[in-house]
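Asker: Could you look at this predicted model? Sequence included:
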Amino acid sequence: MSKSQPINRAAYQPAVKADSLEVKSAPYTPAPDNGIVIRNHAIAVNPIDWLIQAKGEIMYKHLIYPCILGLDTAGEVVEVGKNVTRFQKGDRVVGYCRGVDAKVNSSAEGAFQEYTVLLEDFTSHIPSSVSYESASVIPLGLSTASAALFQEDQLALQYPTVPPVPAGKTLLIWGGSTSVGCNAIQLGVAAGYEVFATSSAKNFDLLKKLGASRVFDYKSKTIVRDLTAALKGKTAAGGVAIGNGGAEVLMSVLQASEGQKQIALVSYPVPQTQMNHFVFLRTALSFVSWTIAFKIKGAFNGVKGNYVNASSITHNDVGKAVYVDFLPEALETGAFVPAPEPIVAGKGLESIQTAFNLQKKGVSAKKIVVTL
């Protein structure tokens, strides 16, 4: 290693289903021609991180162990690739880490380390008014929401702008207080759509502050009737389903409404009871059987649904449209705010496993963050 290169450390997932991360020295990877290296100051934890730790042999069979996980980071630029024009050393940025993507599969692009490689098109400046902790909650939620709303195989909505260009349609978001939901509401509004969202009653004010014109209690026994009535006389732009039960409700509502009958499926069906035997087989069976049943029902009702993959935006034009053309200006002007609120679980790479354990317990309208 060159003397001019920083010394890196990382929190490795040492092996398949190893129950604890291992903090140790890690290679420092120089900036690629179209990327940068940042010194991470805050990283966020997502359910997918500890799910990979617990069930990596099912969900991410392509990973090479030991590996560095983590998708959300915010920090300071320390190195710039030769073809990069948007950033310079010292810039404060937030970025989406692609390391676990099957087409990338690179620990250099994982968040759970001191120095991470980010590609220019999936990184944004953050203004001085936004802390690293707040910024770090953005990337995975934003990327997932962007894939759901803007990709051609999903809702294919018009892109967000500052200020918005009215679209004259109404977007439905089931699970508005989740990380993806908070981002989807803001992106939908910025793209010019009226947004109806669901959450528990305690989060109604948050969703309205983020731009939802109406918020509905997902626990209500009349939720299908309420949403259908609210859409009467309007043109639906489709729906985003986050969480159990959302896809079925949105199908019923869209089937009875005018407009696009398409659902972006953010949540994957999983067994609701703990399994100790034949885990892979039973998980796969649950996924396949639910998907087939949903597709058949959708065919009869004229409603389609596709699963959402956040990292897919790094392989098409959506990533640049959001991270380059929209987010920097939106953060600077306040048209987009980091959400949900961060909860700092600790400081240092050693705190990431603690953050995993805290996240497993569940949070509402919050996201777990570790500072470095």
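Answerer: Received the coordinates, thanks.
Asker: Check which residues of the helix or strand hosting A229 are buried.
Answerer: Using DSSP states H and E, the element containing A229 is helix 223-231. When neighbours are counted by 16 or more other CB atoms under 10 Å, the buried residues of helix 223-231 are found to be I223, V224, D226, L227, T228, A230, L231. Quick note: C-beta positions are derived from backbone N, CA and C, even for glycine.
Asker: And the strands in the stretch 1-150 of the chain?
Answerer: Here the stretch 1-150 of the chain has its strands, by DSSP state E, counting those that start in this stretch, at 8-13, 22-26, 35-44, 67-68, 72-80, 92-96, 115-119, 123-125.
Asker: Any chance of a markdown table for these, columns mean pLDDT and mean neighbour count?
Answerer: Putting these into a markdown table (pLDDT from 0 to 100; neighbours: other CB atoms under 10 Å) gives the following:
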| stretch | mean pLDDT | mean neighbour count |
| --- | --- | --- |
| strand 8-13 | 98 | 24 |
| strand 22-26 | 98 | 15 |
| strand 35-44 | 98 | 24 |
| strand 67-68 | 98 | 22 |
| strand 72-80 | 98 | 23 |
| strand 92-96 | 98 | 26 |
| strand 115-119 | 98 | 25 |
| strand 123-125 | 98 | 25 |
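Asker: what does stretch 214-226 contact?
Answerer: The contact list for stretch 214-226 (CB atoms under 8 Å, 6 or more residues apart in numbering) reads 174-176, 196-201, 203-204, 207-208, 227, 230, 243, 245-246, 249, 252-253.
Asker: and these, which of them are in strands?
Answerer: Mapping these onto strands (DSSP state E) picks out W174, F196, A197, T198, S199.
Asker: How about the last one, nearest residue that isn't a chain neighbour?
Answerer: Going back to what we said before, that points to S199. Nearest non-adjacent residue to S199, counting by CB to CB, 6 or more residues apart in numbering: S177, 4.1 Å away.
Asker: Surely the one you found touches F204?
Answerer: No: S177 lies out of contact with F204 (CB atoms under 8 Å); the separation is 9.1 Å.
Asker: and these two? which has more neighbours close in?
Answerer: S177 (27 against 19; other CB atoms under 10 Å).
Asker: Could you list which residues are in contact with that one?
Answerer: For S177, the contacting residues are S199, S200, N203, L206, L207, P340, S364, A365, by CB under 8 Å, 6+ apart.
Asker: closest to Q186 among these?
Answerer: Closest approach between those and Q186, by CB to CB: L207, at 10.2 Å.
Asker: residue contacts, the closest one?
Answerer: The contact partners of L207, by CB under 8 Å, 6+ apart, come to G176, S177, G181, C182, I185, A197, S199, V215.
Asker: looking at those, which has the most residues close by?
Answerer: C182 (33 neighbours).
Asker: Where does that one sit: helix, strand or coil?
Answerer: Secondary structure state of C182, per DSSP: H, G, I helix; E, B strand; the rest coil, is helix.
Asker: and the gap between it and G176?
Answerer: Note on C182: its distance to G176, by CB to CB, to the nearest Å, is 7 Å.
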